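Peer 1: from the sequence below, what's the structure:
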Amino acid sequence: MTKRQVIAKIVYAVGMICAVVPPLIAFLDNFPVLTEQNYGQAVSWFAVAMIAVCCIPFWRRIKEYFKSPDTAVLWLVSFIIFSAVKNLIDGMIIVAFWGLIGNLIAKGLFFAAHRLDPPKKKEDDE
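Peer 2: The predicted model follows:
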């Protein structure tokens with residue numbers, strides 16, 4: 001392998017790291033995986049899911065009501081849903097930003113690696 005090919009592979013590897021690590025760090029920073037607090041939240045969401053299953057008859061009645069709801073009720077439901085997912089959306093905005101930055105850097109590094117060592121054209125055996 002030539003020195004140019006080695007440099008191209010190193011630049012490519014650094015680009016791959018830049019594409020993966022920034023959004024991964026941002027995700028882990030905003031959405032802890034194995035912490036005591038996260039476990040408590042998982043139990044809470046499980047409890048909410050079980051309550052929802054237990055309330056299926058109630059949900060059927062609500063479904064009938066929403067066939068022709070009052071506009072104030074629609075705005076109330078929209079407010080509750082958007083308030084519930086606000087923190088999740090804020091965290092995903094941060095993850096998406098760092099993913100964009102990392103991938104723009106990686107794209108430049110991939111381009112540089114390609115310029116240093118262009119891929120060989122495959123010759124047909126025929």
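
Peer 1: pLDDT-wise, which helix or strand of the chain ranks last?
Peer 2: Ranked by mean pLDDT, DSSP states H and E, the helix or strand of the chain with the weakest confidence is helix 36-54, at a mean of 61.

Peer 1: show me what contacts the closest residue to L116 other than its chain neighbours?
Peer 2: Excluding the flanking residues, the one nearest L116 by C-beta to C-beta, 6 or more residues apart in numbering is A8, at 3.8 Å. (C-beta placed from N, C-alpha, C; glycine too.) Contacts for A8 were tallied using C-beta atoms under 8 Å, 6 or more residues apart in numbering; they are 113-114, 116-117.

Peer 1: please redo it, this time with the cut-off set to 10 Å
Peer 2: Contact partners of A8, counting by C-beta atoms under 10 Å, 6 or more residues apart in numbering, are 1-2, 112-118.

Peer 1: circling back to that earlier point, and after the least confident helix or strand of the chain, which helix or strand comes next?
Peer 2: helix 56-65 (DSSP states H and E).
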